[in-house]
Structures are given as C-alpha cells and as structure tokens.
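make a model of this:
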Amino acid sequence: MKSFTYFQPTEVRFGCGRIDEVGEVVSRLGQRCLVVSTPAVDLTVGIFESIKCRLSSAGIAYAHFDTVVPNPTTECIAQGAVLANEFKANVVLGVGGGSSIDAAKAIAVEATHPGCCWDYLYFKQKPTEKTLPIVAVSTTSGTGSQVTQVAVITETATKTKSAIYHPNIYPKVAFVDPSLMVSVPPHVTASTGFDVLCHAFESLLHPTASAYTEMMAWNALRLVARYLPIVVEDGTNIAGREAMAWADTLAGLCIANAGVTLPHGIGMTIGGQCPHIMHGEALAISYPEFTRFTYPWAIEQFAKMGRIFDPELTNLTDSEAALRSCEALDQFMRQIGMRLNLKDFGVSLEDVVAIADHSQILPDYKNNPRIATRDEIYEILMRSFSRV
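Next up is the predicted model:
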C-alpha cells in the first residue's frame, strides 16, 4: 500500500433536522453573519426564512446577500464582499448548492484581503488566516463544496473559470441535512447527482488516490448507482435523499484529498465559455467520449465501475468489463436524463474551438491516466457536439 496523507478540518453535521443547530454553531464563530445564497424562489424561501429565524434566536445579527448567480462571477463576489464589509460581518454562512457555498468562500477571502478574489487563485497569492470563518449549509447533493478547500469562480471578461484552492477556505462546519433537499427539481437532482458520480470516479483515477479516498469513492459510486434514479423519479424519497447527501459528502471528501481529471478541466472551460450550462451538464456532455478515451489506461478502475452500474459484467474479464463499462455508464445517463450534447445548449462551433483552446489552462487534464492533447480534446468535444 502506498503512503498517503489525509486531511479534513470540517466538522460535518449530517442528518435530517440538523439545520436546527445552525444558530448555535454560527454563534461560536461570530455574532455578525453574512448569509450568502441565490435569490429566493418558492422552493427555497422557506429554507432561508427558517435559517434566519434560528440565527435571530441565537442572538446573531445578519445581512442577506441573495444575488449569487450560477457559476458565480468576480462581479458577484465583489458585491458580496462590499456588503460583508459594510455590515462588518465576522462569519459567512453559505446556503445552497455549489454556487452559493463557493461564493461564500470567495467573499470570505475578498472581504478580508487586498485586491479581489481573482488575485487568490490556486497559482497566485494564498488566502491568509484573516479569511472570515465559513459555515456551509448544502441544499443539493452535487459539488461537495461543503467539505472542500475549493471555491470555483468565473471572470466574465475573459470567460475563464478557475478556483481558489487553499485550506483556509475549508468550511468550519458543514450542515448536510437531507430534509432540505426534497424540493430540488428532477433535472437539478440529476445534474448535481451526476457531479457526485464524477467526483467519486475521477478521484479513483487521480494519481494521488489513496486507500482512504478509494474506500469512500467506491461507496459513493454504489450509492449513486442505486439511489440517484430513485430521487430523480421521486424527490420526496427521504431514504434516497439521505443516500445521495452522504454520497455527495463522501465524494467531496475524496476530491479534497485526491482531485479530479480530464472531464473537470473540459467541464470548467465549458462553464466559463457558456455560463448557462450547469456544471453537472458540462460534465455529462463530455463523459461518454472521456470514458472511451481513457478506459484502456485504467482497466481495473473502469471494470469495477462498470460492474457497479451493470452487474451483468461481473463474470467478464477486467478488460471486457472495462470496455463495456462505457455503455453501462451511457445507459445510466440515459436513465437519469443526462445524455446531453453541446448543440442542444446552443453552443456554436466557434465556441467549441475556444473551449478546446482553453481546456488545458487548468491542470486537471494532467491527472488523467491518459493525458489528452489540445487536438484530442477538440475531437472529444466534436464527438460530443451533436451526439444523440
């Protein structure tokens, strides 16, 4: 067994009803809280009001920055940081999916440091201990952001999507309360759930995968295979929501200590170029071609994954099961409505060229068992353009 290091500083409070403890938890970290979320809609207004009530009951003053956009931008983060400073916030509470929690992390950095959040990307300056403490409340099962040191942001002017990556932006506490997820619409459930699958599987392919992350990743994949179709069909199935919330948390713990590979580099670039495409959708667009491009270089992992999604592959050799795992995953994607292509999202051929040109800016492609050239990424995108 190869040596490894595993680190996780986030306190995870998992289970239905745990959101009742949010006031007590936040009060340990500060008395002036900036709540960060997307705009309230019918499905979320009750969640936001309930959280605010609990903050008030704990004697916490709060301001609500409720204009987070999907694929949060540097402009969005700047607005939130201004409000945080005007309000003199000393703790940030991100409530929602990955966009809200990532925005909360980036605001916690920009509000306490010179310049803007974009100055603190993973290859630039490092956020210091001045970063405001962060509490995360996840309302979807997808990005795992509630347990990671990553905040994904987009610079609108350059159509570039990148990330702050530093231990100082790990949430201090993560609330994973499946009862908050029962109202998530089917397609959002499928898209975020597919992101869980990608995090788990890509962490298994990553060069820094370890016995610890592999244990969690295989567990997460089994939960996704069994329960994601159930909650796409019936979002009120609380056992399914619990399973997916746990799978999301496990997969987040995996990528916090291992990482992701080629599809995330491509998917992040798609999101930067075409911000109307959700992250899970961007991943699903390239996944069928990614699996066929990669499986011969990771036979063992693909074979085991294939047997999870199609038990009929159990008696085949690893080589045969790895080959057929691609179709097994295709079929699963069809089942949950995630068999997607670029053309259906209005992506132009000019966009495809731009995406291919920028997909090697982030280092994720280097972590793939088979490293793709720019032209090979372009071929993957073109085969994904009008796929049926």
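
need phi/psi at the residue nearest the centre of the chain.
Note on the chain: the residue nearest the mean C-alpha position is T143, at 2.0 Å, using C-alpha atoms, centre = their mean. Per-residue torsions, T143: phi -80, psi -20 (degrees, to the nearest 10).

quick one: contacts for it?
Shown in contact with T143 (C-beta atoms under 8 Å, 6 or more residues apart in numbering): G97, G98, I101, D102, T192, D195, D248, G252, H279. C-beta coordinates here come from the backbone N, C-alpha and C atoms, glycine included.

one more time with 7 Å, if that's ok
G97, G98, D195 (C-beta atoms under 7 Å, 6 or more residues apart in numbering).

mark which of these are part of helices, please.
Members of those lying in helices (criterion: DSSP state H): G98, D195.

between the contacts of T143, which is nearest F4?
D195 (24.2 Å; C-beta to C-beta).

number of residues surrounding the closest one?
Neighbours of D195 under the rule other C-beta atoms under 10 Å: 29.

now do D177
23.

quick check: the gap between it and G267.
Remark: distance between D177 and G267 (C-beta to C-beta, to the nearest Å) = 27 Å.

show me where the chain has helices.
For the chain, the helices defined by DSSP H cover 22-29, 45-57, 74-87, 98-110, 186-205, 211-233, 238-257, 262-273, 279-294, 299-309, 318-335, 349-358, 374-383.

as TSV, these with distance to Y120 would be great.
Converted to TSV, those look like this (distance: least, C-beta to C-beta, whole Å):
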stretch	distance to Y120
helix 22-29	21
helix 45-57	27
helix 74-87	11
helix 98-110	5
helix 186-205	23
helix 211-233	26
helix 238-257	18
helix 262-273	17
helix 279-294	21
helix 299-309	33
helix 318-335	35
helix 349-358	21
helix 374-383	27
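
and of those, who's closest to V135?
For those, the distance to V135 is smallest for helix 22-29, at 5.7 Å, taking C-beta to C-beta.

pull out the buried positions in that closest one.
Residues of helix 22-29 classed as buried under the neighbour-count rule (16 or more other C-beta atoms under 10 Å) are V22, G23, V25, V26, S27, L29.

and of those residues, the nearest to V45?
V22 (16.6 Å).

how about that closest one, nearest residue that isn't a chain neighbour?
Leaving aside its sequence neighbours, V22 sits nearest to R54 (C-beta to C-beta, 6 or more residues apart in numbering; 5.1 Å).

how about the one you found, what does it touch?
D20, V22, G23.

M181 versus that one, what's the distance?
18 Å.

ok, now E214?
Applying C-beta to C-beta, the value for E214 to M181 is 26 Å.

kindly report the same for E202.
Using C-beta to C-beta, E202 is found at 23 Å from M181.

repeat for R241
In terms of C-beta to C-beta, R241 sits 5 Å off from M181.

buried residues in stretch 128-142?
Buried residues in stretch 128-142, counted by 16+ other C-beta under 10 Å: T131, L132, P133, I134, V135, A136, V137, S138, T139, T140, S141, G142.

isn't the second one right up against A111?
Yes: with the criterion set as C-beta atoms under 7 Å, L132 and A111 qualify as a contacting pair; they are 6.1 Å apart.

quick one: stretch 197-209 to chain centroid distance?
Relative to the chain's own centre, stretch 197-209 is displaced by 13 Å; criterion: C-alpha atoms, centre = their mean, to the nearest Å.

phi, psi of the spatially most distant residue from the centre of the chain?
Centroid-distance maximum for the chain: N315 at 33.9 Å, with C-alpha atoms, centre = their mean. Here is the backbone geometry of N315 (degrees, to the nearest 10): phi -90, psi 0.

and it, what's its pLDDT?
At N315, the model reports a pLDDT of 95.

same check, this time on D42
D42 is given a pLDDT of 89.

for P178, same thing?
On the pLDDT scale, P178 gets 98.

just the one 10 residues further on next, same as before
In this model, V188 is scored at 97, pLDDT.

how much space between it and V232?
Separation of V188 from V232 (C-beta to C-beta) stands at 10 Å.

for those two, indicate the residue with more neighbours.
Using other C-beta under 10 Å, the more surrounded residue of V188 and V232 is V232, with 24 against 17.

thought that one was touching P186?
Yes: counting by C-beta under 7 Å, V232 touches P186, with 5.1 Å between them.

ok, how many other residues are close to G272?
26.

for it, what are its contacts?
Residues counted as contacts of G272 (C-beta under 7 Å, 6+ apart) are T154, K159, T160, K161.

ok, the residue nearest to C116 when sequence neighbours are not counted - contacts?
Spatial nearest neighbour of C116, chain neighbours left out: E110 (5.7 Å); criterion: C-beta to C-beta, 6+ apart. By C-beta under 7 Å, 6+ apart, the contact set of E110 is I77, A78, A81, C116, C117.

switch the cut-off to 10 Å
When contacts are counted by C-beta atoms under 10 Å, 6 or more residues apart in numbering, E110 touches 74, 77-78, 80-82, 84-85, 116-120, 127, 131-132, 153, 164.

next one: I51
With contacts defined as C-beta under 10 Å, 6+ apart, I51 is in contact with 19, 22-23, 26, 33, 35, 37, 62, 64, 93, 95, 137, 175, 180.

name the member of these with the most neighbours.
L93 (32 neighbours).

and it, how far from T314?
46 Å.

report the rounded mean pLDDT for stretch 208-219.
The average pLDDT within stretch 208-219 is 98.

let me redo that: stretch 26-37
On average, the pLDDT along stretch 26-37 is 98.

ok, stretch 2-17 next?
Averaged across stretch 2-17, the pLDDT comes to 96.

buried stuff in it?
Buried, per 16+ other C-beta under 10 Å, within stretch 2-17: T10, V12, R13.

next step: the residues you listed restricted to strands.
Counted as lying in strands by DSSP state E, out of the buried residues of stretch 2-17, are V12, R13.
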